[in-house]
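Student: this one's sequence-less:
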C-alpha cells in the first residue's frame, strides 16, 4: 500500500513517562522492520498538557516528576535530534521495562535520566535542564506541534500518518512481525479517510511492558 509521506516518515510524539506511549512506540519500532517507514520521535509533555488543571493530587505529583524526562527530551531534540530515539528507548526501558515508573515529585527521575543519557551516549550535562525552565519554550513548541496536528482533547502518544494525526493507537501488548505491519496498514488506511475520527472501547488491562 502507499506510504505515509514522500520520505516514508511517521511522526511520533511521546512523553517518556507514559506507559501507553511506550507500548505504541515499541509497536511502531516493530513496524519499521516490516514496512518501508522511518519514525521521527518528537517530545511532547503530559506535564505541559495538564499544567494548570485541577486534577487528583497524586496524579499531579506524577506530573511534577514527568517534567524532568520531558525537558531533557526537548534538550536532546534541540541539540542532538539524531539521538532522540536512543534517549527515549533508554528512558523507556528504565521507566517501563524495569518497572521504575509512577514516580512523584520534582526531580524524581534524575537518577534514571543520568543513566539514560549515558546509555544513549549523550552528554551528561544535558541532565542539568531537568529541574529548570531553560528548555521549556522548546518543549512547549514541540508539544504544540502535536496539539496543532491532532487537537487538544488527547494525551500521549500522538502519531501522524500522512496528513492525519491521531491520539494512539492505544495498545496494551506489543505486536511483532507481520502482525505489527498489518495493524499499521489498517491504521494508515483509516488515516487516509478524511472523515474518520475515532474508535474507542473500555480498556481492561494496563500496558504489559515490564521486562525486568
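Tutor: Cool, the structure landed. For clarity, every value in this text was computed on a predicted model and none was experimentally measured.
Student: List the buried residues of the longest helix that the chain contains.
Tutor: The single longest helix within the chain, with elements called by DSSP state H, is helix 57-79. Along helix 57-79, these residues count as buried under the neighbour rule (16 or more other Cβ atoms under 10 Å): 61-63, 65-78. Just so you know, the C-beta spots here come from the backbone N, C-alpha and C atoms, and that holds for glycine as well.
Student: chain center to that helix: distance?
Tutor: Remark: helix 57-79 is offset 12 Å from the chain centroid, using Cα atoms, centre = their mean, to the nearest Å.
Student: same question, stretch 154-172
Tutor: Stretch 154-172 sits 10 Å away from the centroid of its parent chain (Cα atoms, centre = their mean).
Student: Give me the contact list for it.
Tutor: If you take Cβ atoms under 8 Å, 6 or more residues apart in numbering as the criterion, stretch 154-172 is touched by 4-5, 10-15, 18, 20-21, 23-25, 27-28, 44, 46, 49, 146-147, 149-150, 183, 187-188, 191-192, 194, 198, 203, 205-208.
Student: Take those and keep only those in helices.
Tutor: 20-21, 23-25, 27-28, 46, 49, 146-147, 149-150, 183, 187-188, 191-192.
Student: which among these end up buried?
Tutor: Here, 16+ other Cβ under 10 Å leaves 20-21, 23-25, 27-28, 46, 49, 146-147, 149-150, 183, 187-188, 191 buried among these.
Student: show me the contacts for residue 139.
Tutor: For residue 139, the contact set (Cβ under 8 Å, 6+ apart) comprises 43, 45, 48, 70, 71, 73, 74.
Student: If we use 10 Å, what do you get?
Tutor: 43-45, 47-48, 67, 70-75, 77-78, 129, 133 (Cβ atoms under 10 Å, 6 or more residues apart in numbering).
Student: now swap in residue 135 and tell me
Tutor: Residue 135 neighbours (Cβ under 10 Å, 6+ apart): 43, 70-79, 126, 129, 141-142.
Student: and the closest residue to residue 29 other than its chain neighbours, bridged to which residues?
Tutor: Of all residues not flanking residue 29 in the chain, residue 39 sits nearest, at 7.0 Å (Cβ to Cβ, 6 or more residues apart in numbering). Beta-bridge partners for residue 39, by DSSP bridges, are residue 10.
Student: before we move on, what about residue 158?
Tutor: residue 13, residue 167.
Student: That one - how many residues pack around it?
Tutor: Each residue near residue 158 was counted by other Cβ atoms under 10 Å, and the total is 26.
Student: now residue 115
Tutor: Neighbours around residue 115, by other Cβ under 10 Å: 18.
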